[in-house]
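> Okay, here's the prediction I keep looking at, along with the sequence it came from:
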2 protein chains.
Amino acid sequence: MILVTNDDGINAKGLKSLVEVAAQFVNVIVVAPNEGQSGMAHAITVKTPIRVHKISYYDHITTYIITGTPVDCVKMAIDRLLPRKPDLLLAGVNHGGNASSSVMYSGTMGAVIEGCLNSIPAIGFSLLDYGKEADFSAVQHYARKIIKETLKNGIPVGVCLNVNVPSKPLGKIKGIKICRQNRGVWREEFEHRTDPAGNDYYWLTGTFENLEPLAEDTDEWALKNNYVSLVPVQFDQTAYQFMKKLQKWELK
Amino acid sequence: MILVTNDDGINAKGLKSLVEVAAQFVNVIVVAPNEGQSGMAHAITVKTPIRVHKISYYDHITTYIITGTPVDCVKMAIDRLLPRKPDLLLAGVNHGGNASSSVMYSGTMGAVIEGCLNSIPAIGFSLLDYGKEADFSAVQHYARKIIKETLKNGIPVGVCLNVNVPSKPLGKIKGIKICRQNRGVWREEFEHRTDPAGNDYYWLTGTFENLEPLAEDTDEWALKNNYVSLVPVQFDQTAYQFMKKLQKWELK
């Protein structure tokens, strides 16, 4: 059984495109947010209660919507909705890229890492196109390959996959490249406005800035050069290489 | 200059206790959420605008409150509120622990990792006591030591620190232990209720479950044995050790 979720909400075209691919393999269950949850990262809902509705949305595919975050969807699926732990968790296809440090902010990757924490093999798919009517056929092609290999080979506990696909026709994409997460950052520019009552408010906007030379082993390079980027992601964030130096600090 | 933020909001006692310690070093600026933001992880506010208010709260300390997440606070501080990049970012003191995989869900650590992404040395402090009137004197003692050493030695770009303190009097704490992040998971139990109109809803609750034998080099062990845990955290989540195996998958 494959659990499919996303962060753009139940009505996103990207979700439908991923459900179509997943259903070619085994039984699929969809548990998705009732509305868009972009930028929710690994957030969980603790201050408000969550509501769950079973809906008829896809033919022959059990589907639930939840008034919560993508991580809530995974937790609710595991605790309440699924008859057993799924064999695979898929999230996406996200409308917009989640490469480099975007993995931190992404609700799509939040769901994937939550699956990973629960020892479920998990893959996030994102297309570098924010458009509501984006063309997901190239993602579907590569998702099929990657899902097949994941079911065949497995993923070690503690690791999950982050797949990003350039916004190009299938014929223009050169293949899949296994990469590391590029070191980059979103430079924020809060756009200032004034409401009708004369009070200030701000909208969060930003542009991505690369903080290292564009190296061939990074996801940013792969995407810029028309490859699908495949980054193995782990939830252990311990900076082991810094422990020895820390031991020398005067902390007694 | 030290930027101080938190996820429990401006009125939390833990924030005050951290501001007091920080002010013993250099100039402090506080940019905190106007209300509690627990469980917000690395979430950013993209669907609603953000409002900022400068308030008189602490004597001689410039303080802003924001209608957003801890990560929004850091972004807003860097983009709009601070005269220059701060020398140090401190988040907390969180009311409740953020060891093991809680680092993923924590708004406190969200702010810290956001600082880290922006090449600012950053430390998160958490006390294993959810109480509003918890005793922060032991945290203050250890925060002073760790801040002093951080300002003296620096932290490499891409690394930040996650400090958790047991809920014990200072005399009962054995010292600081440098640890790795324990592998554990929150097992959710959604508590089911029915509203006055007869509709179902759920509250997210959970209990922490250790997924590995309690090893002496983990933060969970340290905290259970009355040590302060100090885990160096990195934002690069690439699972390098899995790349070689991935290369063997049939992805052509």
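Thanks, I have it.
> Which element, helix or strand, includes A:Ile65?
With secondary structure defined by DSSP states H and E, A:Ile65 is part of strand A:61-66.
> pLDDT on that strand, on average?
Mean per-residue pLDDT for strand A:61-66: 97.
> Give me the contacts around it.
With C-beta atoms under 8 Å, 6 or more residues apart in numbering or on different chains as the test, strand A:61-66 has contacts from A:10, A:19, A:23, A:28-34, A:50-57, A:72-73, A:76-77, A:81. Any C-beta I mention is one placed from the backbone N, CA and C, and that applies to glycine too.
> Excluding its own residues, what touches the next helix-or-strand element following it? List them.
Next helix or strand after strand A:61-66 toward the C-terminus (DSSP H and E): helix A:70-76. Residues from elsewhere that reach helix A:70-76 (C-beta under 8 Å, 6+ apart): A:3, A:5-7, A:31-33, A:37, A:40, A:42-45, A:50, A:52, A:64, A:66, A:68, A:89, A:91, A:107-108, A:110-111, A:114-115, A:118, B:41, B:105, B:188, B:190, B:202, B:204.
> Just the ones of those in helices?
Among the contacts of helix A:70-76, DSSP state H puts A:Gly107, A:Thr108, A:Gly110, A:Ala111, A:Glu114, A:Gly115, B:Tyr105 in helices.
> What pLDDT does the model give the last one?
The pLDDT attached to B:Tyr105 in the predicted structure is 90.
> thinking it is in contact with A:Ile44, fair?
Yes - B:Tyr105 lies in contact with A:Ile44 (C-beta atoms under 8 Å); the separation is 5.6 Å.
> what residues are shared contacts of those two?
Jointly contacting B:Tyr105 and A:Ile44 under the rule C-beta under 8 Å, 6+ apart are A:Val71, B:Gly39, B:Ala41.
> Please report the distance of A:Glu188 from A:Ile147.
Counting by C-beta to C-beta, to the nearest Å, the gap from A:Glu188 to A:Ile147 is 35 Å.
> next one: A:Ile155
Distance, A:Ile155 to A:Ile147, by C-beta to C-beta: 11 Å.
> which of the two has more neighbours?
Taking neighbours as other C-beta atoms under 10 Å in any protein chain shown, A:Ile155 and A:Ile147 compare with A:Ile147 leading, 24 against 21.
> ok, residues contacting the helix ranked longest in chain A?
Looking across chain A with DSSP H, the single longest helix is helix A:137-153. Helix A:137-153 is contacted from outside by A:14, A:17-18, A:20-22, A:24-25, A:87-88, A:90, A:92-93, A:121, A:123, A:125, A:127, A:161, A:163, A:165-166, A:168-170, A:173, A:176, A:228, A:230, B:245, B:249-251, using C-beta under 8 Å, 6+ apart.
> Sitting in strands, which of those do you find?
Of the positions in those, A:88, A:90, A:92-93, A:123, A:125, A:127, A:161, A:163, A:165, A:176, A:228, A:230 sit in strands, assigned by DSSP state E.
> With distance to A:Leu211 as new columns, can the residues you listed be given to me in a markdown table?
A markdown table is the format used below for the ones in strands among the contacts of helix A:137-153 (distance: C-beta to C-beta, whole Å):
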| residue | distance to A:Leu211 |
| --- | --- |
| A:Leu88 | 33 |
| A:Leu90 | 30 |
| A:Gly92 | 26 |
| A:Val93 | 27 |
| A:Ile123 | 26 |
| A:Phe125 | 25 |
| A:Leu127 | 24 |
| A:Leu161 | 24 |
| A:Val163 | 23 |
| A:Val165 | 23 |
| A:Ile176 | 25 |
| A:Val228 | 23 |
| A:Leu230 | 22 |
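> Now render these as a markdown table, adding pLDDT, distance to A:Asp219 and neighbour count.
Formatted as a markdown table, the ones in strands among the contacts of helix A:137-153 follow (pLDDT from 0 to 100; distance: C-beta to C-beta, whole Å; neighbours: other C-beta atoms under 10 Å in any protein chain shown):
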| residue | pLDDT | distance to A:Asp219 | neighbour count |
| --- | --- | --- | --- |
| A:Leu88 | 98 | 22 | 21 |
| A:Leu90 | 98 | 19 | 34 |
| A:Gly92 | 96 | 15 | 32 |
| A:Val93 | 97 | 16 | 29 |
| A:Ile123 | 98 | 15 | 24 |
| A:Phe125 | 98 | 13 | 30 |
| A:Leu127 | 98 | 14 | 27 |
| A:Leu161 | 98 | 12 | 26 |
| A:Val163 | 98 | 10 | 27 |
| A:Val165 | 98 | 11 | 28 |
| A:Ile176 | 97 | 11 | 21 |
| A:Val228 | 98 | 10 | 28 |
| A:Leu230 | 98 | 8 | 22 |
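> so which of those comes closest to chain B?
Within these, proximity to chain B (C-beta to the nearest C-beta) peaks at A:Ile176, which comes in at 4.4 Å.
> Quick one: residues contacting that closest one.
By C-beta under 8 Å, 6+ apart, the neighbours of A:Ile176 are A:Tyr142, A:Lys145, A:Ile146, A:Tyr227, A:Val228, A:Leu230, B:Leu251.
> roughly how far apart are the first one and B:Lys245?
Here the distance between A:Tyr142 and B:Lys245 works out to 19 Å (C-beta to C-beta).
> quick one: the longest helix of chain A to strand A:122-127, angle?
Angle, helix A:137-153 to strand A:122-127, by axes from the mean of the first three to the mean of the last three C-alpha atoms, to 10 degrees: 170 degrees.
> Going by neighbour count, list what's buried in helix A:137-153.
Buried positions in helix A:137-153, judged by neighbour count with 16 or more other C-beta atoms under 10 Å in any protein chain shown: A:Ala138, A:Val139, A:Gln140, A:Tyr142, A:Ala143, A:Lys145, A:Ile146, A:Ile147, A:Lys148, A:Glu149, A:Thr150.
> send the alpha carbons of that helix over as PDB?
Extracted C-alpha coordinates of helix A:137-153, given in PDB (Å, rounded to 0.1, in the frame of the first residue of the first chain):
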ATOM      1  CA  SER A 137       4.200  14.400 -17.700                       C
ATOM      2  CA  ALA A 138       8.000  14.500 -17.300                       C
ATOM      3  CA  VAL A 139       7.700  14.100 -13.500                       C
ATOM      4  CA  GLN A 140       5.400  11.200 -14.000                       C
ATOM      5  CA  HIS A 141       7.900   9.500 -16.300                       C
ATOM      6  CA  TYR A 142      10.700   9.800 -13.700                       C
ATOM      7  CA  ALA A 143       8.500   9.200 -10.700                       C
ATOM      8  CA  ARG A 144       7.600   5.800 -12.200                       C
ATOM      9  CA  LYS A 145      11.300   4.900 -12.500                       C
ATOM     10  CA  ILE A 146      12.300   6.000  -9.000                       C
ATOM     11  CA  ILE A 147       9.300   4.400  -7.300                       C
ATOM     12  CA  LYS A 148      10.000   1.100  -9.100                       C
ATOM     13  CA  GLU A 149      13.600   1.100  -8.000                       C
ATOM     14  CA  THR A 150      12.700   2.100  -4.500                       C
ATOM     15  CA  LEU A 151      10.200  -0.700  -4.100                       C
ATOM     16  CA  LYS A 152      12.800  -3.100  -5.600                       C
ATOM     17  CA  ASN A 153      15.900  -2.000  -3.600                       C
END
